[in-house]
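Colleague: Okay, predicted coordinates and the sequence, questions at the end:
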Amino acid sequence: MTNPVVQKVNPMLTEERAKASFPVEELTYILDGGKFNTEKRREIEELVTKDPNFEHPPIQFMTREQQYSLAVKKALLVQQRLKELDMLDDPYASYFFRRIAMPREVSPIGLHWVMFVPTLMGQCSDEQRERWLQRALNYEIIGTYAQTEMGHGTFLRGIETTATYDPSSQQFVLHSPTTTSIKWWPGGLGKTCNYAVVVAQLHTQGRCHGVHMFLVQLRDESTHRSLPGVVCGDIGPKMGYHTIDNGFLQLNSVRIPRENMLMRNAEVQPDGTYIRRVSNEKLTYGTMVFVRSLIVSDAARGISEAATIAVRYACVRRQGEPSSPGAPEPRLLDYPVHQYRLLTCVANCYGLWFASEVLRDLYFTVQPDVLEGRTERLPETHALSAGLKAVGSNRGAACVEECRRCCGGFGFSEASGLPKIYNDINPACTYEGENTVMLLQTGRHLLKCVERARRGEQLAPSDAYIRSRPTPQPKLAGGPLTADLLLGWLRWRSLSMLLEVSGRFNSFIEQRQAWADAFQAVSRRLTRCAEAHCILYVGQAFLDSAKAAENPKICGVLTSLCRLFLLNEVVSGAGDVQLSRSDLARCQDAIDSLLTELRPNAVALVEAFDLPDRMLCSVIGRYDGQVYEAMLQWARQSPLNATDVHESYELYTRQFLAGRSLAKL
Ligand SMILES: CC/C=C\C/C=C\C/C=C\C/C=C\CC/C=C/C(=O)SCCNC(=O)CCNC(=O)[C@H](O)C(C)(C)COP(=O)(O)OP(=O)(O)OC[C@H]1O[C@@H](n2cnc3c(N)ncnc32)[C@H](O)[C@@H]1OP(=O)(O)O
Ligand SMILES: Cc1cc2nc3c(=O)[nH]c(=O)nc-3n(C[C@H](O)[C@H](O)[C@H](O)COP(=O)(O)OP(=O)(O)OC[C@H]3O[C@@H](n4cnc5c(N)ncnc54)[C@H](O)[C@@H]3O)c2cc1C
C-alpha cells in the first residue's frame, strides 16, 4: 500500500484486512497491468505527495473562481513537472501524475490532451501535423474541441456554424449565423484556451459538404486577448466541474487560412475544388470513438474510489440493535443487504475495469487501419465504444450514488469525497454523446448485424454470436451455476431479445414503413438490446480476466465476484425474457451464498485498487479508519467557523429579533 501506516489504525479495519484470502498486492499488479506499472504509479504518487506545491486546503471550501484559478495553476505545474522528469512522452506516467495531483478535479487544460491533441493526430494531413502537433504537444498552444452548439449537440449534422471558402483570399470565413449556432460547452474554451478545433459546415463553390474541422486561433498568443470577431467566455456554474471553464464561442466572420482546414480525409484546393480522400465520412467522428473508450475506464475508476470509501466506512460504522445485551452495535458490513449493495458495486467495477482494457486494445488494434482508410472494423468499434460508454457511465453514476447512500448522512457531506466523485462521473452520461442516443447507435448496428447474419455474411468477433441459431432457454436449475453457464444465459438473452426486436422491425418494414420510422417504433426496446449486448461483453471480459489470473486464490475470488456480477444481471434481466420462478429462486439463493463467501474479502477487493488517501480525499474512507476525529477537524475548516458570531447576525438576525423590518436592509 502507498498509504503510510499511521500510528493508530482503527482495529475494526485491521481485523477486516486480516481476513483476505488472497494476496492483495498480486491483484493490484493485475489491475495495473503488471508489477512494473504498479511501481511506477507509486513512485509518481510519492513524488506528488511530497511536493508542497500541490498542497492546499480542501477545494470544497473555496469559491468557484478560487477553484478554477488553483486548477489552472496545478494543471500547468503538472506539465512543468512532467517535463522536468522527462515523462511527457509516457502516457501512463502523465495520466497518473495528473490523477494524483488533481484528484477528481477536472483540469482546465484537460480537453487539450483528451480531444485537441488526439484530433490533430487523427484529422491532420502529415504536413499539418508537422506544423501544429509539436506545438500542441509542447504546450506552446492550448486547445479545445468546439463541436456542440446551443441548438445542436446530439444531431451533429444539424450544426449551424459555417466555414465558407473564399478563393480570392484563399481563406475560410468562420461564422456563427444565429444565436443557436453559438458553440456552448467546450471545456477550457471560456478562459483557458487560445486555440480550438471548430466543427463547422463546409461551403465551397456554392455547395455545402457537411461537417468538417478547422483549427481556429481564438486568443492572442502573448496577451491572451480574444482576437477580432471572436466572442468567448465561461458558461457559468454547473452541477459539478467547478474547476473547468466550459465556454461559449461566437464567431463573427473570422478569417483563417485555407491550410487550417484539417485535411487528412478531405481537402479544399486553392481554387475551391472539394476533394474527399476517403469514402467513409464518419472518420471525422474519430476522436469521439477514442474518448468514449476512455470514459469506460474512468467510470470503473470512479466506482473503485467510491467503493473503497464506502466499504472501509462500512467496516468502522456501527449502527443498529446489538445481537445480545452488552454486545456492540453491528457494523454496516454485517448486514446482508449492505453487503449486496456494496459488493454488486465492486463487481460492476471489476467488470467495467476489465472490459475497458479489452475495448482499449480493440481501439488501438483497429486505429492504424482506420488512419490508412481501411474501415472494416470501424462499425464494431463505434458500436462498442458508444454502447459501453453509455453502460459504463450509467453504471458508474448509479454505483457511486449507491456507495454515497451507503454512507448515510456523511455521504451527503463533501467531507466524504463522494459528491465530488459523483459530480465528476455523472456528466459522462451526457457528454461525448448522450447515453440513450449512444445505446441507439449500438442498437442500430445490432439490427444491421441480424440482417447480415441472415444473408450468411461474416460478423466482427464481438457480434459473431448473432449468427448462431436460436436455441431454447438454457436451464439454470439443476447443475451448478457456473460463470460459463450464466454467461451462456446472458448470450442467449441478448440474442433472443435482438431477434424479437428485429422481427418486430421487419414486420414494420413489410408494412411499408420507412426504415427510420420502423427504427423509431422499436427504439425503446432496442436500447435494452444494446445494454444486454454490452453487458455480455463486460461479462466475457470479466470472466476471461478471472481465468487468466495465475494465482489460484485470485482466480477463485475473481470468479466468485464475476458470478455475482452475472447472477445480478440474470436476476435484474429476468423480465426481459421469461425466466422461470425456479430458475430465479436458484439465482437469488446463489447471490445470498456469494455475499457470505465474498464478505471477508470485501476490504481486500477494494484495497487492491491501491488508492492512497491523497487520491480519495475522504474523511470517512481514510486508510486508518479514524472517521469521527477527522470529521470534526474537517468541519473546523469551514469559513463559516472563522468567527464565533457570523456577520449576518449583526446585519439581520439581531434586527429581526428586535422586531425591525429587514425589507430596507
Ligand atoms: C477534461 C477531462 C479530463 C479528464 C477526464 C478523464 C477521463 C474521461 C475521458 C474523457 C472525458 C473528458 C471530457 C469530455 C468532454 C466532452 C466533450 C464532448 O462532449 S465533445 C461533443 C461530443 N458530441 C457527441 O458525441 C455528439 C453525439 N452525436 C453523434 O455522435 C452523432 O451525431 C450520431 C452518432 C448521434 C449520429 O450521427 P449522424 O451524423 O446523424 O449519423 P447518421 O445518422 O447519418 O449515420 C449514422 C451512421 O454513421 C455511423 N456512425 C456514427 N457515428 C460514428 C462514429 N463515431 N464512428 C463511426 N461510425 C459512426 C453509424 O453507425 C451509422 O452507420 P450506418 O449508416 O448504420 O452504417
Ligand atoms: C460537462 C460537459 C462537458 C462538455 N464538453 C464538451 C466539449 O468539450 N466540446 C463539445 O463540443 N461539447 C461538449 N459538451 C456537450 C455534449 O457533448 C452535449 O451536451 C451532448 O452531446 C448532448 O447534446 P445536447 O446537450 O445538445 O442534448 P440534446 O441533443 O438536446 O439531447 C437532449 C435529450 O434528448 C434526447 N435525444 C436527442 N436526440 C435524440 C434522438 N435522436 N433519439 C432519442 N432521444 C434523443 C437525448 O437522449 C437527451 O436526453 C459537454 C457537455 C457537458 C455536460
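Modeller: Nice, thanks for sending it over. Ligands and ions are numbered 1, 2, ... in the order given.
Colleague: Every contact and neighbour count from this point should use C-alpha atoms.
Modeller: OK.
Colleague: Just give me the residue closest to the centre of the protein.
Modeller: The centre of the chain sits closest to residue 295, judged by Cα atoms, centre = their mean, with a distance of 3.0 Å.
Colleague: does it sit in a helix or strand, and which one?
Modeller: Following DSSP states H and E, one finds residue 295 within helix 286-316.
Colleague: how far does whichever helix or strand comes after that helix sit from the chain's center?
Modeller: Downstream of helix 286-316, the first helix or strand assigned by DSSP H and E is helix 336-371. The chain centre lies 11 Å from the centre of helix 336-371; the measure is Cα atoms, centre = their mean, to the nearest Å.
Colleague: From the contact counts, what lies against helix 336-371?
Modeller: Where contact means 3 or more Cα pairs under 8 Å, 6 or more residues apart in numbering; DSSP states H and E, helix 336-371 is packed against helix 286-316, helix 378-406, helix 515-548, helix 552-572, helix 581-598, helix 602-607.
Colleague: Quick one: residues in contact with the shortest one.
Modeller: Contacting residues not belonging to helix 602-607 are listed as 16, 17, 20, 24, 304, 307, 308, 311, 312, 343, 346 [Cα atoms under 8 Å, 6 or more residues apart in numbering].
Colleague: Show me what the mean pLDDT comes to for that helix.
Modeller: Helix 602-607 carries an average pLDDT of 98.
Colleague: Can I get it in CSV, CA atoms only?
Modeller: What follows is helix 602-607, C-alpha atoms only, in CSV (Å, rounded to 0.1, in the frame of the first residue of the first chain):
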residue,chain,number,x,y,z
ALA,A,602,-14.7,-7.0,0.8
VAL,A,603,-11.9,-4.8,2.1
ALA,A,604,-9.2,-6.7,0.2
LEU,A,605,-11.1,-6.4,-3.1
VAL,A,606,-11.3,-2.6,-2.9
GLU,A,607,-7.8,-2.1,-1.4
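Colleague: that older thread, could I get the contacts of helix 602-607 in JSON lines, plus columns for neighbour count and pLDDT?
Modeller: Shown next, in JSON lines, are these (neighbours: other Cα atoms under 10 Å; pLDDT from 0 to 100):
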{"residue": "16", "neighbour count": "18", "pLDDT": "97"}
{"residue": "17", "neighbour count": "18", "pLDDT": "98"}
{"residue": "20", "neighbour count": "17", "pLDDT": "98"}
{"residue": "24", "neighbour count": "21", "pLDDT": "98"}
{"residue": "304", "neighbour count": "29", "pLDDT": "98"}
{"residue": "307", "neighbour count": "31", "pLDDT": "99"}
{"residue": "308", "neighbour count": "28", "pLDDT": "99"}
{"residue": "311", "neighbour count": "29", "pLDDT": "98"}
{"residue": "312", "neighbour count": "26", "pLDDT": "98"}
{"residue": "343", "neighbour count": "25", "pLDDT": "99"}
{"residue": "346", "neighbour count": "27", "pLDDT": "99"}
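Colleague: Out of those residues, flag the one nearest to ligand 2.
Modeller: Of all the contacts of helix 602-607, residue 304 has the smallest distance to ligand 2: 21.2 Å, by Cα to the nearest ligand atom.
Colleague: Chain neighbours aside, what residue packs nearest to the closest one?
Modeller: Among residues not flanking residue 304 along the chain, residue 349 sits closest, at 6.2 Å (Cα to Cα, 6 or more residues apart in numbering).
Colleague: what residues are up against that neighbour?
Modeller: Counting by Cα under 8 Å, 6+ apart, residue 349 touches 300, 301, 303, 304, 396.
Colleague: returning to that earlier point: the helix holding residue 295 vs ligand 1: in contact?
Modeller: Yes - Helix 286-316 comes into contact with ligand 1 (Cα under 6 Å from any ligand atom), by way of 286, 288, 289, 291, 294, 295, 298.
Colleague: between those residues, which has the most around it?
Modeller: Among the residues of helix 286-316 next to ligand 1, residue 295 has the most neighbours (other Cα atoms under 10 Å), with 24 neighbours.
Colleague: just checking, that one touches residue 426?
Modeller: No - at 11.1 Å, residue 295 does not count as touching residue 426 under the criterion of Cα atoms under 8 Å.
Colleague: Give me the common contacts of these two.
Modeller: Residues touching both residue 295 and residue 426 (Cα under 8 Å, 6+ apart) are residue 393.
Colleague: now residue 152, nearest residue through space, not along the chain?
Modeller: In space, residue 152 is closest to residue 159, 5.9 Å off (Cα to Cα, 6+ apart).
Colleague: so how far is residue 175 from that neighbour?
Modeller: Separation of residue 159 from residue 175 (Cα to Cα, to the nearest Å): 12 Å.
Colleague: Mutual contacts of these two, please.
Modeller: Overlap between the contact sets of residue 159 and residue 175, as judged by Cα under 8 Å, 6+ apart, is nil.
Colleague: For residue 22, give me its contacts.
Modeller: Going by Cα under 8 Å, 6+ apart, the list of residues near residue 22 reads 553, 554, 557.
Colleague: Among those residues, which one lies nearest to residue 217?
Modeller: Nearest to residue 217 among the contacts of residue 22, counting by Cα to Cα, is residue 554 at 52.4 Å.
Colleague: just to revisit the earlier point, who are the contact partners of the residue nearest to residue 152?
Modeller: Going by Cα under 8 Å, 6+ apart, the list of residues near residue 159 reads 148, 149, 151, 152, 181, 200, 201, 211.
Colleague: Drop anything exposed from these.
Modeller: Buried members of those, scored by 16 or more other Cα atoms under 10 Å, are 148, 149, 151, 152, 181, 200, 201, 211.
Colleague: Appreciated, that's everything.
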